[in-house]
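Chemist: Make a model of this:
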Amino acid sequence: MLKIFVNDKPIILTTKVEKEKGFKNYFLKSVNLSKVIRELNRTSLKEARLIHKKEKKLLKKFLKKLPNVVAGGGKVFNDKGEVLFIYRNDKWDLPKGKTEKNEDIETTAIREVKEETGVKGLEIIKPLETTYHIFKRNGRYRIKITYWFEMKTSYNGKLVPEEKEGITKVAWLNKKEIAQVLENSYANIRELI
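Modeler: Here you go, the predicted structure:
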C-alpha cells in the first residue's frame, strides 16, 4: 500500500476494494485524477483509493497520470543527534529540491541540503523511504517524487536559509522540538520522521 499525498490527505494505491467509509474507491485505469484531487481538496473526504489488480504495476501506472518532478532531500543529523529542519510557506519541512540535468539523486540531495541551509560536510548514511505528493504549478497538477537520504555532518557553523526559495528559518531540532514542529508540517514529513 503506497500513499501519495494531496496536502495532508492520501491517495492510496492498492489491489483491494474495500467498503467505502470516509474514503472512495476508484479504478486506476479509468480514474479522472484531477477530479479526485479537487474532491480531496474541497470536501470532507479523508482519502481516495486507486485500485489496480496487479500490485507491481500500481505505482508505474499511477506515475503516468501526471507529469513527474524528481527531487532529492535529506534527514540530516548533527553530532548532537539533532535533525536539520527548514521553515518555508508557513510549514516546517526537511531540505529537498529538484534534480538538475544529468545529476544523480545522491548529488541532488546533498546539493539541495547545502543550498537551502548552508550546511557543509554532508555524508549520506543510507537511503530512506521515497515520498510522493501532488502539487499544482502553472495551473497543472504534478507528482513530486522525493528520494530521501539519512545524512550526517559535523558542521556547526552558521545556518543560512535560502530566502529566494522562500525559506525563512533553518534550525537544528532535538526530539522534543521535532514533536512540536511536526504538528505544523506535511503528512509525508511526519511519516518520514
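
Chemist: name the helices or strands packed onto the longest strand along the chain?
Modeler: Secondary structure of the chain per DSSP state E: the longest strand is strand 123-137. Applying 3 or more CB pairs under 8 Å, 6 or more residues apart in numbering; DSSP states H and E, we find strand 123-137 packed against strand 2-6, helix 105-117, strand 140-152, helix 187-192. C-beta coordinates here come from the backbone N, C-alpha and C atoms, glycine included.

Chemist: Name the next helix or strand downstream of the third one, please.
Modeler: So the one you mean is strand 140-152. Next helix or strand after strand 140-152 toward the C-terminus (DSSP states H and E): strand 167-173.

Chemist: elements contacting that following strand?
Modeler: Judged by 3+ CB pairs under 8 Å, 6+ apart, strand 167-173 is in contact with strand 83-88, helix 105-117.

Chemist: Format the ones you listed as JSON lines; extra columns: mean pLDDT and distance to residue 28.
Modeler: Shown next, in JSON lines, are the helices and strands packed on strand 167-173 (pLDDT from 0 to 100; distance: least, CB to CB, whole Å):
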{"stretch": "strand 83-88", "mean pLDDT": "98", "distance to residue 28": "32"}
{"stretch": "helix 105-117", "mean pLDDT": "98", "distance to residue 28": "26"}
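
Chemist: Among those, which comes closest to residue 15?
Modeler: Closest to residue 15 of the helices and strands packed on strand 167-173, according to CB to CB: helix 105-117, at 28.1 Å.

Chemist: Give me the angle between that closest one and strand 167-173.
Modeler: On the basis of axes from the mean of the first three to the mean of the last three CA atoms, to 10 degrees, helix 105-117 is oriented at 110 degrees to strand 167-173.

Chemist: buried ones in stretch 33-50?
Modeler: 33, 36, 37, 39, 40, 48, 49, 50 (16 or more other CB atoms under 10 Å).

Chemist: Also stretch 61-70?
Modeler: Under the neighbour-count criterion of 16+ other CB under 10 Å, stretch 61-70 has 62, 65, 66 buried.

Chemist: Touching, the first one and residue 3? I think so.
Modeler: No - at 11.2 Å, residue 62 and residue 3 do not qualify as touching, with contact defined as CB atoms under 8 Å.

Chemist: and for the two, which residues touch both?
Modeler: Common neighbours of residue 62 and residue 3 are listed as residue 13 (criterion: CB atoms under 8 Å, 6 or more residues apart in numbering).

Chemist: mind putting the helices and strands packed on strand 123-137 in TSV, mean neighbour count and distance to residue 55 included?
Modeler: Output for the helices and strands packed on strand 123-137, formatted as TSV (neighbours: other CB atoms under 10 Å; distance: least, CB to CB, whole Å):
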stretch	mean neighbour count	distance to residue 55
strand 2-6	20	10
helix 105-117	21	24
strand 140-152	19	19
helix 187-192	17	20
